[in-house]
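> what's the 3D shape of this:
(chains A, B and C)
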Amino acid sequence: MDKKLGLYICTGCSIGESINVEKLSNIAKNALRIPVVKSHFALCGNEGVELIKNDIKNEGVNTVVIAACSLRVKYEEFDFPGCIVERVPVRELAVWSQETPEDKQLAAEDYVKIHVIKAQKGDIPEPYVIETVKAILVIGGGIAGMTAALQSANAGYQVFLVEKEPQLGGFVNKLYKAVPTAVGEYSEPLIVDPTIDKVIKEVESNPNIKVYKSAKVEKTEGQPGAYDVTISSNAAGSENSEVIKIGTIVLAAGWRPYDATKLEHLGYGVSKDVVTNIELEEIAKKNNGKILRPSDGKEAKKVAFIQCAGQRDPNHLPYCSAMCCTGSLKQAKYVTQNKDATAMILYKDIRTPGRLEYYYKAAQNDPGVMMTKGEVTGVADAGNGNLHVEMENSLLGKKVKIEADLVVLATGVVPATIDDPILNLQYRQGPGLPDLELYDGFADSNFICFQYETRRTGIYAAGCVRQPMSMAEAQEDATGAALKAIQAAEHIAKGIAVHPRSWDETYPDPFMQRCTSCKRCTEECPFGAIDEDEKGTPYFKPNRCRRCATCMGACPERIISFKDYHVDLIGSMIKNVSVPDDEDKPRIIVLACENDAYPAIDTVALQHGKIDPAVRIIQIRCLGSVNLVWLADAFSRGVDGMLLMGCKHGENYQCHFAKGSELASYRLGKVQETLGRLQLEAERVAMIQLAMDEYDKVPKMISDFVDRVKEIGPNPFKGF
Amino acid sequence: MPEQVTTQTISPDLKFVKDIIASGGESLKKCYQCSTCTVVCNVTPDNNPFPRKEMMYAQWGMKDKLISNPDIWLCHQCSDCTAYCPRGAKPGEVIGALRNLAIQHYSPTPLAKMVGDPKYLLMLFAVPVLLFLAYIVPKGFLDISAIPRGEDGGIVYSKFIPIFPAIDVTFGAVAFFAAVCFVLGIKRYWTDLSAGVKVQGNLMDSIKATIIDIITHKKFEKCNVTKDRKTAHLLVFYSFVGLTITTTLAVVYLYGFGYESPYPLYNPLKIIGNISALALLYGITLVVGNRLKNAEKAGKGSYFDWLFITVIAAVAVTGMGAQLFRLADIAILAYPTYFAHLVFVFFLFAYAPFSKMAHMVYRTTAMVFAKHTKRD
Amino acid sequence: MPDINRILVIGGGFSGLTTAVDAAETGTEVIIVEKNPYLGGRVAQLNKYFPKLCPPICGLEINFRRIKTNPLVKFYTMAEVESITGGPGNYNVTVKINPRHVNDNCVLCDACAQACPAERPNEFNFGMDKTKAAYLPFNQAFPQKYVIDSSHCKGDCGKVCKDACKYSAVDLDMKPETITLNVGSIVVATGWNPYDANKLDTLAFSSVKNVITNMMMERLASPTGPTAGKILRPSDGKPAQNIAFVQCAGSRDENHLHFCSYICCLASLKQTTYIREQNPESKATIFYIDIRTPGKYEKFYWKVKEDQNVSFIKGKVADIVQDEGSDDVVVTAEDMITGDKVRMKFDMVVLATGMEPAGASKKIAGVNYNEDGFALPNSGIYPAGCTKSPIDVAKSAQDATGAALKAISTAKSAGQGR
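This is a model prediction of the structure:
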């Protein structure tokens, strides 16, 4: 598009008093050759906005550069459809955070200049729109999967449901009774018949849902909005294979109980009368509620429940399965249906959080239910056909043996994804969801605030494959995952990114002629958005992309671009930052991530916190997008130091693009080489991990770096 | 040297759990072991405190750990535990139920079970009723006009039911029976208490200290929610002391000096007796009042408790009533009231070792033991 | 019936924001009604999240950005729903908007606050400090707009503030306004309030110095809090180095909140890390009934347990008194594992007070509640997050996403059903 730039300088908020607006306007008109340059006391007011609108209408201005306040403060006011709008946070970065009039002026001039360049180099985004479908694939026909299917279908979406067993229902099918899904206090009966049959019927009769039983996902090819999924099924003994077109996926593949044969110390496999909680369900179901012990078929009258069996244990499952305390309280009621029987629950902590506390309260109020805290150390033969559960530090005594005729191990939940990719994605980076070892194999999110985010766009996990949870929780979880799947399908159809840049209409557009097939982009993309063709040439699947531009940072050929964000665009900004000739005045460029680092800097500036005048701050999408050429650009221009500020990485990473800041740190480790070639000290480049609430530390972080650079001395390239 | 820990084998006793529930501890299963009760209890020692651990043992039906446990008697039923219990488990009530069961356990006759069970109530009352009827029916005294009057024409109860043998032999036997039962019970209790425990200090000192505790009612001062119980219990306690003195004097008058009742109101015996009776009446009214007032926070109490309170109240009311009706010469009310009084007094004393009355003996024993073992 | 592909979200805390953003990004129009002058709710007051110890403002910032860039989301602050009429697919909701006395012209220049002569207790910091009567609720508040608290800005205070503003942003004539919104379905995300610690008589919140609540601790530890993040005890400003955490302060208690508040164990574990980070000598003791760190949170418990200076005592505190002759606090509990009653002295005590659903103190006409004040789902009206059940932020986010779908489906199907 032919751009006609207009620069609008706000003189309010002490900008007018602090800097020489006339001088700035003249620089813009003369040096930057901007045809329309205007100033106003309050650009954000009606009059100011009208001024800009008039110029758009009457002067043909289509690229608006607003030198005023931060985008985080005024956003609605400066919305000019069809125009490129670039904001220069002069107020925050030049006026409020600088001390001397000279520093304010220089900063204002620099920031205006580089943002004008950004406006000149950028383009209006054009969304990536291909033919897509919005159908949803749900993997897993347990309560979570069925709920996701029904919720999606009820919202008007076509659903394909794949279940590996010959019937729907999942683990609920095994249950003798369920915990009532009461709203307030629980009252008798505390064990009720599961209503899974009703749900199965609803799913199977829903015209929007197609069910595949005894089936699995053989492979998932393509990208969100346009996946080709091969489903193989073994219905009625004959192998079938079918390819369906779907948009997004809910992964509700469920769980399996922890392998109890590893719990020999608790008597499993040693005595027949040591069973798992799931086996107890089977016993109760088979005998219509009677708890007959496996060894001799006698009705069990002293049943010990060992909580956390193989859980909360570094040798077994490190986590808590969240459902077993309620489960054992429920099963205790199975036992005490026989009025002469006792159910003894041996626990570390009873975990019935939230309103489940009511269930605990109701279920324990039974003469036959006995509970005590302690550490179970083993299960031994009592010699009389019964067993002794050995406990230490219990509330009944330091060391006790509890006699039981049946021992139930409350074993935990192991996600289906622990050893099976399930999705069988045909992605270069592998068939499953990455990083699952961070979550003990669960297909969980790293983000507290964004529970459904995985590193595979358009794929959302729900139920026990995501986290251990109860049936009621799994239903809510599945509804959420269904929403995310629908949302992704809708955004993708319009060519808009999904979380976290869920407004972004740009996408990576590589200039393939210059690609050397080095594969760095395919390896480094946090979202597996880039595959390779048979010849090993990268092949972009934009609908998998989250627009972090990590590929752009990775590419040594600098061929990956977004309409409003590319190597040359940021490079040009960097190259146009003024470099003082004065050797005592270093120039340092800060590249700040848009998610945490930049808002932190903005916050401190809004509070008139002072930022060292040596720095110029450039906001970038993610540290992952930092191309090392920018360092070369800067240093060759005489910049004395570069500081990258981004999110925390490593365990508990906070990078919203998962890998961006980690990759930046990795690349920075290699930057020595580049700097060495330029005969520059490696310490001129540093990276700081910063969380948004650490804004108060920003001035010191920056000035410490400036001091270090000052110690090193000026960049020898200065003045060249 | 590392502490040697012996492993105990635990086999929960569901029957005992059900017994506790039946004896007034119906809330015990609600306890989730937070120990608020133990913290708010001001009468428990810091070392191995109660009642949280008793709640655990009770939930598991661990009778051995409870029946002979002096702590259930060190509890003075302040009910602070019950008021603050977050679960409504009412530890005070459960400990009360345990005391009831302990009384039953140590009493040498099956009467204890009957006293604790409402279905035997009529039968228990039938004994004194029939006994006293046996005196009056043959004499035709069911017809009140047939009852001879005193020299001054006034009502003389000894003409209705003779002091000797009807009253004194009966009550003498009752007292003897009760005393024997108490001795046997306490003997068994003390044996259980001292099993395997190293006793420290001088027993007489412990007894002395216990008596001081009792006569000052010092422990009651530590109660919070039921602060006012001290006055009530103190009144009832001292009125019993007064009535004991009255009875002793009456025996002395009759058998020492041949001085027969009724005595004039200015007689020291009458003065002590009436003051005590009024104190009892007032005290028991306070007891009932406090219980009703605190019921929401402190629990409503067991049948066992209420039976005892009712009998004491009935003794006081009928005793006072009998005197007033006698003085007012309302024969139609006076004789039946006196009859009822005798029945209630019989009930109170004959069943003392099996009713809540026994608490004075067991609690005293436990207090002595606790002091003797430096627990209190 | 009009075609109303529009939903109302009552409450702009984390749940409400999540529902709003998720629904809007699915193509539905959303209106948020928030009673505070800012969005973010309780989360905005938190210093860090468990178990990652990351700042809540980070996720809020992303959601704010999504709101700013999405024309389908509209919000009202300082607004409260007065009543709801109608049914699924077509609700009429009356909303009262209280005057902010600052309009959209506000540029965040702080001039009004600098000039303002009056002060008000800062409820954002639980009254531990004061702000001017013209104030920004907290420095990363969204919308970034000042507020004038007219109940504290009396006399010529208003005029002084108005005169200080060069942008005609102060409008003293703003009046409460009532509007009616027409929506297809409603998500109730009114959240929770910390349980009133004054009701816990044995825990002596109001009578003993240096007994604070867990939410106050969040503010004390926060860089935006009254002590700029230094954990100083209130009575004398001394750094609190030995702190007791009293779990289940009001929760799991028939006399107070009957349910478990879910977050308090994790919050206290998290808060031990605040203290430990500030001072290597510092100590924390957690008095608990059950440590509830369900699911993956168990590993966070382990991490805290590894710290030798953090101890755990199984036994609930039920007695708190002032130490004789000092501002220290003595707490009593039974250590159930040793079986002894312990009395321990601390610099400061944190009561892990639970969450009382907003519906316990204020009910919205047209919404059904249970006896605890949790809202009940009702075709077309869906509670989300802590309005429904006590849960943490992660679960609230998850629940709110699900609520968005339910609300959208109702709004849509009612539209199609015509």
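> how far does the lengthiest helix in chain A sit from the chain's center?
Longest helix in chain A by number of residues (criterion: DSSP state H): helix A:471-494. Distance, stretch centre to chain centre, for helix A:471-494: 15 Å (Cα atoms, centre = their mean, to the nearest Å).
> Pull it out as PDB, backbone CA atoms only.
The C-alpha coordinates for helix A:471-494 follow below in PDB (Å, rounded to 0.1, in the frame of the first residue of the first chain):
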ATOM      1  CA  MET A 471     -16.200 -37.200  37.700                       C
ATOM      2  CA  ALA A 472     -18.000 -34.000  38.500                       C
ATOM      3  CA  GLU A 473     -14.800 -32.000  37.800                       C
ATOM      4  CA  ALA A 474     -14.100 -33.900  34.600                       C
ATOM      5  CA  GLN A 475     -17.500 -32.800  33.300                       C
ATOM      6  CA  GLU A 476     -16.800 -29.100  33.900                       C
ATOM      7  CA  ASP A 477     -13.300 -29.600  32.500                       C
ATOM      8  CA  ALA A 478     -14.600 -31.200  29.400                       C
ATOM      9  CA  THR A 479     -17.000 -28.300  28.800                       C
ATOM     10  CA  GLY A 480     -14.100 -25.900  29.000                       C
ATOM     11  CA  ALA A 481     -12.000 -27.900  26.600                       C
ATOM     12  CA  ALA A 482     -15.000 -28.000  24.200                       C
ATOM     13  CA  LEU A 483     -15.200 -24.300  24.300                       C
ATOM     14  CA  LYS A 484     -11.500 -23.900  23.500                       C
ATOM     15  CA  ALA A 485     -11.800 -26.300  20.600                       C
ATOM     16  CA  ILE A 486     -14.700 -24.400  19.200                       C
ATOM     17  CA  GLN A 487     -13.000 -21.100  19.800                       C
ATOM     18  CA  ALA A 488      -9.800 -22.300  18.000                       C
ATOM     19  CA  ALA A 489     -11.900 -23.600  15.100                       C
ATOM     20  CA  GLU A 490     -13.700 -20.200  14.800                       C
ATOM     21  CA  HIS A 491     -10.500 -18.100  15.000                       C
ATOM     22  CA  ILE A 492      -8.700 -20.400  12.500                       C
ATOM     23  CA  ALA A 493     -11.500 -20.100  10.100                       C
ATOM     24  CA  LYS A 494     -11.100 -16.400  10.100                       C
END
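> Can you point out the buried residues in it?
Judged by neighbour count (16 or more other Cβ atoms under 10 Å in any protein chain shown), helix A:471-494 contains these buried residues: A:471-493. Every C-beta, even on glycine, is put in place using the N, C-alpha and C of the backbone.
> can you narrow the residues you listed to ones near chain C?
A:473, A:476-484, A:486-487, A:490-491 (Cβ under 8 Å from any Cβ of the partner chain).
> Just send these back as a markdown table, with pLDDT too.
Shown next, in a markdown table, are these (pLDDT from 0 to 100):
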| residue | pLDDT |
| --- | --- |
| A:Glu473 | 94 |
| A:Glu476 | 96 |
| A:Asp477 | 97 |
| A:Ala478 | 98 |
| A:Thr479 | 98 |
| A:Gly480 | 98 |
| A:Ala481 | 98 |
| A:Ala482 | 98 |
| A:Leu483 | 98 |
| A:Lys484 | 98 |
| A:Ile486 | 98 |
| A:Gln487 | 98 |
| A:Glu490 | 97 |
| A:His491 | 97 |
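> with the residues you listed in mind, which one is nearest to A:Pro125?
Set against A:Pro125, the nearest of those by Cβ to Cβ is A:His491 (13.7 Å).
> tell me the contacts of that closest one?
A:His491 is in contact with A:Ala497, A:Val498, A:Ser502, C:Glu25, counting by Cβ atoms under 8 Å, 6 or more residues apart in numbering or on different chains.
> Determine which two of these are furthest apart.
For the contacts of A:His491, and using Cβ to Cβ, no pair is farther apart than A:Ala497 and C:Glu25, which are 10.3 Å apart.
> List the buried residues of stretch A:423-439.
A:Leu423, A:Asn424, A:Leu425, A:Tyr427, A:Arg428, A:Gln429, A:Gly432, A:Leu433, A:Pro434, A:Asp435, A:Leu436, A:Tyr439.
> That stretch near chain C anywhere?
Yes - Stretch A:423-439 lies within reach of chain C by Cβ under 8 Å from any Cβ, at A:Tyr439.
> Between its first and last residues, how far does that stretch reach?
Stretch A:423-439 has an end-to-end distance of 18 Å (Cα to Cα, to the nearest Å).
> Give me the average confidence score over that stretch.
The pLDDT scores in stretch A:423-439 average 96.
> Other residues contacting it?
Contacts for stretch A:423-439 (Cβ under 8 Å, 6+ apart): A:139, A:217-222, A:249, A:251, A:417-418, A:420-422, A:442-444, A:446, A:454-456, A:459, A:461, A:522-523, A:525, A:528, A:530-532, A:544, A:651, A:658, C:296.
> Skipping adjacent residues, who's closest to A:Gly641 in space?
Closest residue to A:Gly641 apart from its sequence neighbours, by Cβ to Cβ, 6 or more residues apart in numbering or on different chains: A:Val709 at 3.8 Å.
> can I assume that neighbour sits in a helix?
Yes - according to DSSP: H, G, I helix; E, B strand; the rest coil, A:Val709 belongs to a helix.
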